[in-house]
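Engineer: Here is a sequence together with a model predicted from it:
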Amino acid sequence: RKLKQGLSDALLNRDFEIHYQPILDTSTQKIWSFEALLRWKFEQQYVSPDIFVSLAEKSGLINELGSWVLEQACLEAAKWSFEEMPSVSVNVSALQLYNLEFIEQVERSLELSQLAPARLHLEITESVLIKNTERVKAQMRQLQALGVHFAIDDFGTGYSSLQQLNSLPVNFIKIDRIFLQQLANKQQSIVRATKYLAREFNYQVIAEGVETLEQLEILDAIGIEYVQGFHFSKALPATQLQTWYNEHL
Ligand code: G
Ligand code: G
Ligand code: MN
Ligand code: NA
């Protein structure tokens with residue numbers, strides 16, 4: 001209960017920070033996107049987003065929180081001056097997509113920030129498509145018509161992923177990092193199969209959780225387009241992105 005009150009207060013005071021983790025283009029090794037990852041400190045300690053995001057979902061705060069993240073991430077991304085013009089990848093909870101105001105929230109963030117819509121990528125999980133499937137897909141198509149891109153996050157860990165694969169209104173598939181742990185044992189079949197299916201259905205693939213050069217080389221050989229992970233960088237405060245960029249790229 002204390003945590004919930006803290007979260008509610010933090011929302012009033014906009015007492016959150018967004019950190020950004022780079023996603024690179026495998027073939028050029030240049031920056032392609034930054035994933036926005038929310039950070040919240042409660043009583044001097046960082047609380048894991050897994051915990052406070054699900055708390056926000058249960059207590060009805062997720063729309064306000066999600067809307068703030070979206071707006072803030074667009075505003076920050078619009079100020080970036082890296083030559084590649086990276087996109088910003090924002091995690092969106094299923095409950096946000098079920099909200100009828102979601103499209104307006106996205107439009108408002110784009111307008112306010114003047115960010116090119118194609119530079120906004122929304123990461124959703126497969127669970128989004130369990131409920132209200134047709135309405136949610138229609139909403140996603142409407143946003144795609146504006147130029148916004150979608151990625152399926154944590155791919156392979158949810159339900160019915162393969163069955164739905166050919167009808168998802170998404171541009172990218174993000175392979176969950178659990179499948180990268182097996183790369184080292186040379187058991188690459190899940191990543192290879194995902195890449196194969198993605199090619200059939202015209203999706204590009206992002207691998208998250210890349211921690212070693214060996215993993216990177218295997219993913220490159222398989223033809224995975226984009227890579228993210230501690231091998232490159234953890235999520236960094238917005239103020240440290242330029243320094244990281246200057247030192248690493
Ligand atoms: O950095 P990491 O511990 O930051 O993130 C843990 C989990 O929290 C991930 O699954 C990530 O998708 C989720 N998460 C981080 N930021 C956000 C956010 O702004 N919105 C939502 N819905 N989830 C987020
Ligand atoms: O579910 P989502 O993809 O949104 O989660 C992002 C989460 O993955 C964040 O908690 C982030 O800190 C974490 N993460 C990013 N790169 C790596 C990595 O290379 N290794 C591990 N173990 N976690 C990572
Ligand atoms: Mn994500
Ligand atoms: Na993920």
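Structural biologist: Cool, the structure landed. Numbering: from 1, shown residues only. Ligands and ions are numbered 1, 2, ... in the order given.

Engineer: which parts of the longest strand along the chain are buried?
Structural biologist: Longest strand of the chain, by residue count under DSSP state E: strand 31-42. Residues 31-38, 40, 42 are the ones in strand 31-42 that count as buried (16 or more other CB atoms under 10 Å). Quick note: C-beta positions are derived from backbone N, CA and C, even for glycine.

Engineer: And the following helix or strand past that strand, how far out from the chain middle?
Structural biologist: For strand 31-42, the following helix or strand on the C-terminal side (DSSP states H and E) is strand 45-47. Relative to its chain's centre, strand 45-47 lies at 21 Å (CA atoms, centre = their mean, to the nearest Å).

Engineer: Just the mean pLDDT for strand 45-47, thanks.
Structural biologist: Mean per-residue pLDDT for strand 45-47: 95.

Engineer: For residue 199, report the pLDDT, please.
Structural biologist: For residue 199, the model assigns a pLDDT of 93.

Engineer: quick one: secondary structure of it?
Structural biologist: helix (DSSP: H, G, I helix; E, B strand; the rest coil).

Engineer: for the buried residues of strand 31-42, which one is nearest ligand 2?
Structural biologist: The closest of the buried residues of strand 31-42 to ligand 2 turns out to be residue 37 (CB to the nearest ligand atom; 5.6 Å).

Engineer: Burial check on residue 192, number of neighbours?
Structural biologist: 15 (other CB atoms under 10 Å).

Engineer: Please name the spatially closest residue to it (chain neighbours excluded).
Structural biologist: For residue 192, ignoring the flanking residues on the chain, the nearest one in space by CB to CB, 6 or more residues apart in numbering is residue 222 at 5.7 Å.

Engineer: Name the nearest residue to the residue in the chain that ligand 4 sits nearest to, sequence neighbours excluded.
Structural biologist: Here the chain gets closest to ligand 4 at one residue, residue 154, 4.0 Å apart by CB to the ion. Nearest residue to residue 154, sequence neighbours excluded (CB to CB, 6+ apart): residue 176, at 4.6 Å.

Engineer: who in the protein is up against ligand 1?
Structural biologist: Contacts of the chain with ligand 1, taken as CB under 6 Å from any ligand atom, map to 37-38, 48-50, 53, 69, 91-93, 235.

Engineer: So which of these belong to strands?
Structural biologist: Secondary structure defined by DSSP E assigns 37-38, 91 of the residues of the chain next to ligand 1 to strands.

Engineer: Closest to residue 249 out of those residues?
Structural biologist: residue 37 (19.9 Å; CB to CB).
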